[in-house]
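Undergrad: everything below, folded, please.
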Amino acid sequence: MKADPVLEVRNLHKYYTQGTERLHILKGLNLQVQPAERVAVVGLSGSGKSTLLHLLGGLDAADEGDILLAGENIAGLSERQVSQVRNRYLGFIYQFHHLMADFTALENVMMPLLIAGADRTQAADQATELLQRTGLGHRLTHRPAQLSGGERQRVAIARALANRPRCVLADEPTGNLDEKTAAGVNDLMLELSESAGVSFVIVTHNPSLAQRMDRTLRLHNGQLQPEVPAEPGMKDGAP
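TA: Got it, this is the predicted structure:
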């Protein structure tokens, strides 16, 4: 029997006002993400990819449509209720790590657990285990300024997985890293996705990362369309 989607979007619309013009950014968009599925979202700059992630994460409100997280519709919920649902089901990874500068790697990963009500010992144990899995067991007491770019992003990944979310939303997670470091972070995300059974929705301009996802969707003209891989020997659509 097919499992219910971890994330489902139905007829999603989003508008922005620019001067006297009303821009229709997302136009009746639909999406289903299955358990442990990894989905890449690609598209031109300004096409609405980051807007879509903000709506999926309940960080912004849609003008029309429904967003279901683990079957729970966040449309119409209060900001406090959306925060509770988000904390239960979602993790976030951004292009810039957004770690708290005055806290150690361990404390940064503990934070979502403490917010969710875990006691400090439990939070520290879980955070330590995650950092060890990301190869940072020797950097627990280091603050972000003492870590490399790749290490900071590994801490951010551990933090995203701290509450054992059903789905992680990632916005250009390796866009600020050099090619070699980005490849290592991509490997880590894929390994943790498989071992923890977590779904990923990743906005990316990195074609090599998109190719490693279960499927790639292109956001174009307010709609998500399946990306068709180029045929061998073809470049930019030409023979």
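
Undergrad: what bridges to the residue nearest in space to the middle of the chain?
TA: For the chain, the residue nearest the mean C-alpha position is residue 169 (1.5 Å; Cα atoms, centre = their mean). Per DSSP bridges, the residues bridged to residue 169 are residue 92, residue 201.

Undergrad: wait, it touches residue 91, no?
TA: Yes - in terms of Cβ atoms under 8 Å, residue 169 counts as a neighbour of residue 91; the distance is 7.3 Å. All C-beta spots, glycine's among them, are computed from the backbone N, C-alpha and C.

Undergrad: mind listing the strands the helix or strand encompassing residue 27 pairs with, and their directions?
TA: Element membership for residue 27 (DSSP states H and E) is strand 21-33. Taking DSSP bridges as the criterion, strand 21-33 forms sheet pairs with strand 7-18 (antiparallel).

Undergrad: just the CA trace of the strand it pairs with, in CSV.
TA: In CSV, the C-alpha atoms belonging to strand 7-18 read as follows (Å, rounded to 0.1, in the frame of the first residue of the first chain):
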residue,chain,number,x,y,z
LEU,A,7,4.4,17.0,1.8
GLU,A,8,1.5,17.9,-0.5
VAL,A,9,0.7,21.1,-2.2
ARG,A,10,-2.7,21.7,-3.8
ASN,A,11,-3.5,24.6,-6.1
LEU,A,12,-1.0,27.0,-4.6
HIS,A,13,-1.1,30.7,-5.6
LYS,A,14,1.1,33.5,-4.5
TYR,A,15,1.0,37.2,-5.5
TYR,A,16,3.3,40.1,-4.9
THR,A,17,2.6,43.8,-5.5
GLN,A,18,5.3,45.8,-7.2
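
Undergrad: and it, what's its mean pLDDT?
TA: Summarised as a single mean, pLDDT over strand 7-18 is 90.

Undergrad: appreciated, that's everything.
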